[in-house]
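>>> Pasting the sequence and the predicted coordinates here, then a few questions.
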Amino acid sequence: MTILVTGSNGQLGSALQLASAASRHSYIFTDVEVLDITSRDSIDRFIEENGVDVIVNCAAYTAVDLAEEQETTAEEINNKAVANLAFACKEHSATLIHISTDYIFSGKSTIPYTEADEPAPLCAYGRTKLAGEKAVAESGCSAIILRTSWLYSEFGKNFVKTIRNLTNSHSEIKVVADQVGTPTYAGDLAEAITTIIESGQLHKSGTYNYSNLGECSWYDFACEIARQSGNNGCKIESCTSAEYPTKAERPHYSVLNKKKFIETFGIAIPEWRESLAKCIKKF
Ligand SMILES: NC(=O)c1ccc[n+]([C@@H]2O[C@H](COP(=O)([O-])OP(=O)(O)OC[C@H]3O[C@@H](n4cnc5c(N)ncnc54)[C@H](OP(=O)(O)O)[C@@H]3O)[C@@H](O)[C@H]2O)c1
């Protein structure tokens, strides 16, 4: 099979380049300069010229706070471009693996969100990602949507890198403790995606939650990053979201229930601390 990966210079796309290295299938990695997913014509041409069977869409507008000011741009990439990919997949009988987010939820729950729970995004990024999910459904294409949360990796900018740097260079930092979720190592999500492809499970269309196991606040996550990095000289204090205002409102609770993913695909998911250790080893 030929598998097209979009947005492949990002965190997940880069992790997929590693995870697919030993695959018997042919992966083609593209980012915006080779294939801009906002252009339906370019997508159609690319699929026809390369005989694409599967598209893994790692492209997205992911600047959560900036999206409050640039919702139209976020909408172009997270919704309209996703519709382009989905309708192109429908037309060419290809399968789409698309990535969505925990930020489609309001965070008012106190138990992990299942795929059946009602989305109610609080911010522009969440709204555009939810619209993208709906576009995939409307296209009627064969599609697996994986909702993930708090993605980090050895690639690009992310919370793990920021906290490692801050706890190395500062004697004291504050981190919010009233937002609870689960970090996800992009390497694990990439392995899960390649396993779905390699094990012939692409026909299992639907929406699935995928993050690491367990839960923590950003404060807990920061403490564990500092501990595992050996940065013990920095005092980490907890604060509230109200004390650390951001442009975009984020859910206070966005833990995802992974039962459906584990039972459907038979793929085990590592616990978040264990995965953090794998990532930190790579630095
Ligand atoms: N990061 C998180 O914490 C998080 C949490 C939950 C869900 N997710 C979802 O997980 C997926 C992967 O996230 P990530 O962190 O790997 O994202 P990322 O690092 O921001 O990578 C996204 C990539 O898409 C590219 N891109 C942007 N517009 C494009 C276009 N029009 N055509 C083609 N490529 C384009 C970006 O290029 P430029 O950099 O040049 O714009 C970038 O290389 C996304 O769907 C995201 O919404 C992420």
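Now that the structure is in, tell me what you want to look at.

>>> Skipping its backbone neighbours, what lies nearest the residue in the chain that the ligand sits nearest to in space?
Distances between the chain and the ligand by Cβ to the nearest ligand atom are smallest at residue 10, namely 1.9 Å. For glycine as for every other residue, the C-beta is placed from the backbone atoms N, C-alpha and C. Closest residue to residue 10 apart from its sequence neighbours, by Cβ to Cβ, 6 or more residues apart in numbering: residue 58 at 5.6 Å.

>>> does residue 105 really touch residue 113, like I thought?
Yes - with contact defined as Cβ atoms under 8 Å, residue 105 counts as touching residue 113 (5.3 Å).

>>> what sits in contact with each of those two?
residue 254 (Cβ atoms under 8 Å, 6 or more residues apart in numbering).

>>> which bits of the protein sit near the ligand?
Within the chain, the positions near the ligand by Cβ under 6 Å from any ligand atom are 6-7, 9-12, 31-32, 36-38, 58-60, 62, 77, 81, 99, 101, 129, 148-151, 156.

>>> Just the buried ones from those residues?
Neighbour counting with 16 or more other Cβ atoms under 10 Å marks 6-7, 9-12, 31, 36-37, 58-60, 62, 77, 81, 99, 101, 129, 148-151, 156 as buried within the residues of the chain next to the ligand.

>>> Which helix or which strand is home to residue 41?
Secondary structure from DSSP states H and E places residue 41 in helix 40-50.

>>> mind listing what the very next helix or strand once past that helix pairs with, with the direction of each?
Toward the C-terminus, helix 40-50 is succeeded by strand 54-57 as the next helix or strand (DSSP H and E). For strand 54-57, the paired strands and their directions (DSSP bridges) read strand 2-6 (parallel), strand 95-101 (parallel).

>>> Rebuild the ones you listed as TSV, extending it with mean pLDDT.
Output for the strands paired with strand 54-57, formatted as TSV (pLDDT from 0 to 100):
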stretch	mean pLDDT
strand 2-6	99
strand 95-101	99
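
>>> CA atoms of the helix holding residue 41 as PDB?
Provided in PDB are the C-alpha atoms of helix 40-50 (Å, rounded to 0.1, in the frame of the first residue of the first chain):
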ATOM      1  CA  ARG A  40      -8.300  20.200  -3.200                       C
ATOM      2  CA  ASP A  41      -6.700  20.100  -6.700                       C
ATOM      3  CA  SER A  42      -3.300  19.400  -5.300                       C
ATOM      4  CA  ILE A  43      -4.600  16.600  -3.100                       C
ATOM      5  CA  ASP A  44      -6.400  15.000  -6.100                       C
ATOM      6  CA  ARG A  45      -3.400  15.300  -8.300                       C
ATOM      7  CA  PHE A  46      -1.100  13.800  -5.600                       C
ATOM      8  CA  ILE A  47      -3.400  10.800  -5.000                       C
ATOM      9  CA  GLU A  48      -3.700  10.100  -8.700                       C
ATOM     10  CA  GLU A  49       0.000  10.500  -9.400                       C
ATOM     11  CA  ASN A  50       1.100   8.300  -6.500                       C
END
